[in-house]
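K.L.:
Pasting the sequence and the predicted coordinates here, then a few questions.
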Amino acid sequence: MNKNNITHLKNKLAGLVCLFTVFGCSTHTAQSNNKSINKGGVSASLAPVKTSNTLLESASLFASLPDYCPTPDAFAVSPSGELTLSCVNYANKGLQAGVLVNINNDKTFTKIAQLSGPNNKGKGRPMGLAYAPDGALFVADNQGAGKARLLKLTLKNNKVINTQIVAKGMSSPNGVRYQNGYIYVTQLRVPSKNKAETLSGIYRFKATDTNILVTNSTDDPHLLFLAKTANKQRKFGLDGLVFDSQGNLFVTNLGDDLIYKLTFDTNNNLLSQSTYATLPKGSGPDGLTIDPQGNLYAAGFLTNQVIRIDTNQNVTVIASYPDNNSENGELDQPADIIYYKGSLLMSNFDLLTGPGITNTGHGKPYTVSEIKLHNNRHCSDL
């Protein structure tokens with residue numbers, strides 16, 4: 001990889017240290033209320049492989065974003081139904097601080113917060129988001145290696161009235177989900193003693209935790225799930241994640257084009273892990289969402305795609321676009337995806353370039369795309 005490509009990757013994942021890695025398929029697990037790691041494994045060679053289908057749908061423009069959102073990233077829906085978007089803002093040399101905004105029903109925008117870095121210095125870099133049932137908003141602030149944080153924001157009338165640090169010292173927090181009093185956070189790179197391997201993981205914290213210092217080691221007590229990446233050409237690991245209605249957790253592996261499934265017992269201990277789906281090679285699944293019928297949808301970050309995985313684990317590319325500027329809502333490096341009011345919404349990151357990446361440059365407009373699912377075949381199992 002040349003220096004220009006490395007620079008682009010750093011802009012997207014600001015100090016994630018995952019520039020050195022590619023996601024692997026074998027996995028290890030942690031369990032017992034976050035107290036120990038039970039190292040098992042899922043071999044890439046044993047992963048179920050189904051031929052992917054292509055059934056293309058058109059994406060349309062859901063919203064044109066304001067100038068203060070040049071690199072939109074993650075979505076969350078509040079308990080009252082408000083749609084929140086993080087704008088990490090690595091584009092334009094990172095001169096703009098990251099912000100959180102609500103996209104209102106009339107497609108206007110309400111800025112919730114412009115985050116600052118640790119000790120109120122520097123610029124905040126919000127990525128993954130998740131609301132708790134009480135309305136608290138958990139945010140992955142990706143400050144770079146050893147400086148990143150998981151924040152808990154208390155909101156009132158769409159304004160932040162209190163900020164708490166749940167965890168700090170992380171290297172590359174990305175996706176965030178809330179479930180049963182816990183916060184689950186993916187980290188694209190977990191440092192390994194073996195420099196030749198790429199590790200990534202899922203951390204779990206109690207929603208009531210404060211100032212947890214993450215060690216970024218494989219024996220960290222909050223490391224729930226550990227994955228080794230096999231792809232030496234795309235050194236990224238665990239990224240998007242989502243729970244289904246039964247409490248099973250699904251997570252994407254961007255480098256190896258996989259989705260894992262994790263199950264839990266009644267005490268929230270990790271019970272099992274497996275490879276759930278193999279996606280088209282090189283698609284780079286980033287964000288992940290689920291519809292009311294249990295179908296998963298992954299954002300193909302590297303190839304401008306949306307990929308559907310139905311409840312029978314059949315894989316279908318339902319949208320695919322060449323390089324474009326998303327003027328009409330075409331997919332332009334979709335980073336996150338969310339099911340919202342009968343549609344899929346995708347944030348168009350439009351920043352990374354390089355070998356195997358469809359996107360060739362960054363520019364206006366800054367957009368969110370939509371694929372309507374209601375009243376069509378994608379809302380029910382085929």
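P.N.:
Noted; the coordinates are in hand. Numbers count the residues shown, from 1 in each chain.
K.L.:
Now do the end-to-end distance for stretch 118-126.
P.N.:
Chord length of stretch 118-126, first to last residue, is 13 Å (C-alpha to C-alpha, to the nearest Å).
K.L.:
Mind listing what's buried along it?
P.N.:
K123, G124, R125, P126 (16 or more other C-beta atoms under 10 Å). Every residue, glycine included, has its C-beta placed from N, CA and C.
K.L.:
any idea which of these is closest to T353?
P.N.:
R125 (19.9 Å; C-beta to C-beta).
K.L.:
For the closest one, give me its contacts.
P.N.:
By C-beta atoms under 8 Å, 6 or more residues apart in numbering, the contact set of R125 is A14, V88, N89, Y90, G98, L115, G117, D141, N142, Q143.
K.L.:
Report pLDDT for it.
P.N.:
Looking at R125, its pLDDT is 96.
K.L.:
gap between stretch 88-103 and the chain center?
P.N.:
16 Å (C-alpha atoms, centre = their mean, to the nearest Å).
K.L.:
neighbouring contacts of that stretch?
P.N.:
For stretch 88-103, the external contacting residues (C-beta under 8 Å, 6+ apart) are 11-12, 14, 63, 66, 68-71, 73, 82-87, 109-116, 123-127, 129, 137, 139, 141-142, 153, 158, 350-351, 362, 368.
K.L.:
Just the buried residues of these.
P.N.:
Among those, the ones that count as buried by 16+ other C-beta under 10 Å are 11-12, 14, 63, 68-71, 73, 82-87, 109, 112-115, 123-127, 129, 137, 139, 141-142, 153, 158, 350-351, 362, 368.
K.L.:
from the buried residues of stretch 118-126, which ones fall inside strands?
P.N.:
Members of the buried residues of stretch 118-126 lying in strands (criterion: DSSP state E): P126.
K.L.:
of the buried residues of stretch 118-126, closest to Q187?
P.N.:
Among those, R125 lies closest to Q187 (C-beta to C-beta), at 14.5 Å.
K.L.:
how close does the closest one get to K364?
P.N.:
To K364, R125 is 21 Å away according to C-beta to C-beta, to the nearest Å.
K.L.:
helices and strands around the longest strand along the chain, which ones?
P.N.:
Longest strand in the chain, counting residues (DSSP E): strand 159-170. When contacts are defined as 3 or more C-beta pairs under 8 Å, 6 or more residues apart in numbering; DSSP states H and E, strand 159-170 packs onto strand 109-114, strand 148-156, strand 182-187, strand 198-206, strand 212-213.
K.L.:
Mind listing what's buried along that strand?
P.N.:
By 16+ other C-beta under 10 Å, the buried positions in strand 159-170 come out as V160, T163, V166, A167, K168, G169, M170.
K.L.:
Could you tell me the per-residue confidence at the closest residue in space to the fifth one that isn't next to it in sequence?
P.N.:
The one in question is K168. Of all residues not flanking K168 in the chain, R149 sits nearest, at 4.7 Å (C-beta to C-beta, 6 or more residues apart in numbering). What the model reports as pLDDT for R149 is 97.
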